[in-house]
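S.K.: Structure of the sequence below:
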Amino acid sequence: MESEQSGAAAPRLAEAQETLKEMLEEACAAEVSNADTGQLLRIEKVLALANEAAREVISIRRKRRRGAARTGGSGSDAQESPSATKGGTVTPPDTHRIVEDSNGVRWDICAIHPSAPTGRVQLPEPYRSGWLFFDSVLQKRRLSPIPDGWETAPEELLRAMCDRAETVPERAPASRRKPD
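M.R.: Residues are numbered from 1 along each chain as shown. Predicted coordinates for the structure are as follows:
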């Protein structure tokens with residue numbers, strides 16, 4: 001069964017990887033210092049397409065790895081770590097879903113489980129036990145606490161969770177943040 005799924009996913013994976021490669025090459029080849037607004041908008045669109053392709057590659061690889069783990073085989077992505085760590089949070093790879101809302105916006109959904117607090121960083125109370133993170137090209141949202149069974153919930157329920165989730169305020173780029 002797993003090999004059938006891997007075989008069916010192989011063309012999608014190759015296509016997504018090729019799209020990612022092409023979009024990144026196009027974006028990196030752009031000369032931004034003399035670009036007009038139209039050219040910058042094109043770069044933005046190309047980067048958004050690269051983002052979507054990267055998400056697709058990640059999704060397919062995670063599904064393959066989960067399938068291999070269930071069947072006791074070795075995953076085709078052994079180079080990937082079993083969990084992604086960023087900023088003191090750990091996101092298990094098997095808690096990842098993608099859903100499209102009624103407006104056609106694609107949301108990448110994962111559970112964020114904070115590690116033990118270190119240093120001065122202190123999460124607000126509702127997020128100390130974790131949250132469901134909704135990420136789209138347009139916006140980021142979070143919902144806490146993590147709803148039970150979200151991993152297998154129907155898409156309609158995931159859409160409702162996304163609608164209830166709190167919008168994450170945009171952070172200033174690192175270059176504009178005040179030093180601590």
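S.K.: so Q139 touches T167, yeah?
M.R.: Yes: with contact defined as Cβ atoms under 8 Å, Q139 counts as touching T167 (6.1 Å). C-betas here are computed from N, CA, C, even on glycine.
S.K.: Now do the top strand by length along the chain: which elements does it pack against?
M.R.: Selection of the longest strand in the chain by residue count, based on DSSP state E, yields strand 106-114. Packing contacts for strand 106-114, counted by 3 or more Cβ pairs under 8 Å, 6 or more residues apart in numbering; DSSP states H and E, involve helix 37-71, strand 89-91, strand 96-100, strand 131-135, helix 155-164.
S.K.: quick one: strands adjacent to that strand?
M.R.: strand 89-91 (antiparallel), strand 96-100 (antiparallel), strand 131-135 (antiparallel) (DSSP bridges).
S.K.: Report the inter-axis angle for it versus helix 155-164.
M.R.: 70 degrees (axes from the mean of the first three to the mean of the last three Cα atoms, to 10 degrees).
S.K.: Can you tell me what sits against strand 106-114?
M.R.: Residues from elsewhere that reach strand 106-114 (Cβ atoms under 8 Å, 6 or more residues apart in numbering): 52, 55, 88-92, 95-101, 123, 127-137, 142, 146, 150-151, 158, 162.
S.K.: Now the buried members of those residues.
M.R.: 52, 55, 89, 91, 95-99, 130-137, 142, 146, 150-151, 158, 162 (16 or more other Cβ atoms under 10 Å).
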